[in-house]
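Participant: Quick one, fold the following:
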Amino acid sequence: MHGESHEVPCMMATRSALPRDISSLRQMIVEREASLAERERIIAEKEMQLAERDRLIAVRDAELYAKTLQIEHLKAQLAVLRRHALAAPPRSLIARSSSSNS
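Facilitator: Numbers count the residues shown, from 1 in each chain. You can find the predicted model right below:
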């Protein structure tokens, strides 16, 4: 807008920035390849870290699920014990009735 140009510089501008002698070009290529190799190494390292984190999350998820099942089992046992406690007469009444029968 207002006379600004948003054109992408053409390849010719990039070519003019390149060194003209072969040894400098070769050195530039070696440096770029080394830079790419370092980036690939970093990416591989990050992927390994992510895989390890995913493994730890899966282990914790399994542990959490096991604990959830254990809690549900204990709740069910507690409900059974409560039902038995409500269905049975209090122990004090049982003791009194057995002592009065003697």
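
Participant: for this structure, longest helix please?
Facilitator: Taking DSSP state H as the criterion, the chain has its longest helix at helix 22-87.

Participant: can you tell me the average pLDDT over that helix?
Facilitator: Averaged across helix 22-87, pLDDT comes to 96.

Participant: roughly how far is that helix from the heart of the chain?
Facilitator: 4 Å (CA atoms, centre = their mean, to the nearest Å).

Participant: List phi and psi for Leu18.
Facilitator: phi -80, psi 150 (degrees, to the nearest 10).

Participant: which residues touch it?
Facilitator: Applying CB atoms under 8 Å, 6 or more residues apart in numbering, we find Leu18 in contact with 25, 28. For every residue, glycine as well, the C-beta is placed using N, CA and C.

Participant: how close does it sit to Ala44?
Facilitator: Per CB to CB, to the nearest Å, Leu18 is found 30 Å from Ala44.

Participant: next one: Ser24
Facilitator: With CB to CB as the criterion, Ser24 and Ala44 are 31 Å apart.

Participant: neighbours of Leu50, just the number please.
Facilitator: By the measure other CB atoms under 10 Å, the count of residues near Leu50 is 10.

Participant: Having no further points to raise, I will conclude here.
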